[in-house]
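Below is the sequence, then the predicted model.
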Amino acid sequence: NAYAGITGQTGSNSFFISIFIGIAVCKLVLLPKKQQFSRYILIFLSGLAILALVATQKRGPLLFCLVSILGVLYIWFAKTNKKIIRFIGLVTMLCFVVVFIFMFTDYGQILINRFLFRGYGDISTGRIPMYILMWDGFIKKPILGNGLASTNTLLESLGQTVGHNVYFQSLYEIGLIGTLCLLFFMYKSLKQTIRMIK
């Protein structure tokens, strides 16, 4: 019952929705006060996007979206010296919206079931054997890895083509050197984003 939208997979849909939420929240904090109508439109669209993200039933993107929203709001409030009461109010409102979605929608109930009660019997949804295989392969060739797209061949025996974990897959395919380069670029991107928000 997960919602894939116009994409072929819920993971792709959650990725696109997360990008939209990130852009919308950053636009919201940068809008001048006189553009109230645009502010209300962005708030409404962000709320719809969060509902759509919950409907994908993807836990990771939802969690990181919420943490990122809180981070952007905190940076914005700290930089503009706004009153902390407004920040607490916004965070409380965001929490209220998320709790409302979780409590009063079918998608929210399914997500709660996946988080708390392991409704699928395995909270990793069968990914632990994949992680173990990739980790063992990384240990055998830790410096340069096993080559790009080698995860496809490794996981064929499990009926999978991707590792479902970018860090394990990177370590397995491109080793420590490639993964450190990847993490460096991720860090630079995050640093530049924070600088732009400030």
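Structure received. Numbers count the residues shown, from 1 in each chain.

any idea of the mean pLDDT for the host helix or strand of Ala78?
In the assignment (DSSP states H and E), Ala78 maps to helix 59-80. The average pLDDT within helix 59-80 is 82.

Tell me how many other residues crowd the closest residue to Asn165 other than its chain neighbours.
Sequence neighbours aside, Tyr131 is the residue nearest to Asn165 in space, at 6.1 Å (criterion: Cβ to Cβ, 6 or more residues apart in numbering). Bear in mind the C-beta positions are built from the backbone N, C-alpha and C, glycine included. Other residues near Tyr131 number 17, with proximity taken as other Cβ atoms under 10 Å.

Let's verify Pro142: helix, strand, or coil?
coil (DSSP: H, G, I helix; E, B strand; the rest coil).

And stretch 158-167, end to end?
Terminal residues of stretch 158-167 lie 19 Å apart, using Cα to Cα, to the nearest Å.

just how off-centre is that stretch within its chain?
17 Å (Cα atoms, centre = their mean, to the nearest Å).

so what's the nearest residue to Leu155 once chain neighbours are set aside scoring on pLDDT?
In this structure, Leu155 finds its nearest non-sequential neighbour in Met130, 5.8 Å apart by Cβ to Cβ, 6+ apart. Met130 is assigned a predicted lDDT (pLDDT) of 88.

what does whatever helix or strand Met130 lives in contact?
Remark: Met130 resides in helix 128-140, with elements defined by DSSP H and E. Helix 128-140 is contacted from outside by 122, 124, 145-146, 150-151, 154-155, 158, 160, 163-165, 168-169, 171-172, 175, using Cβ atoms under 8 Å, 6 or more residues apart in numbering.

C-terminal to it, which secondary structure element comes first?
helix 150-154.
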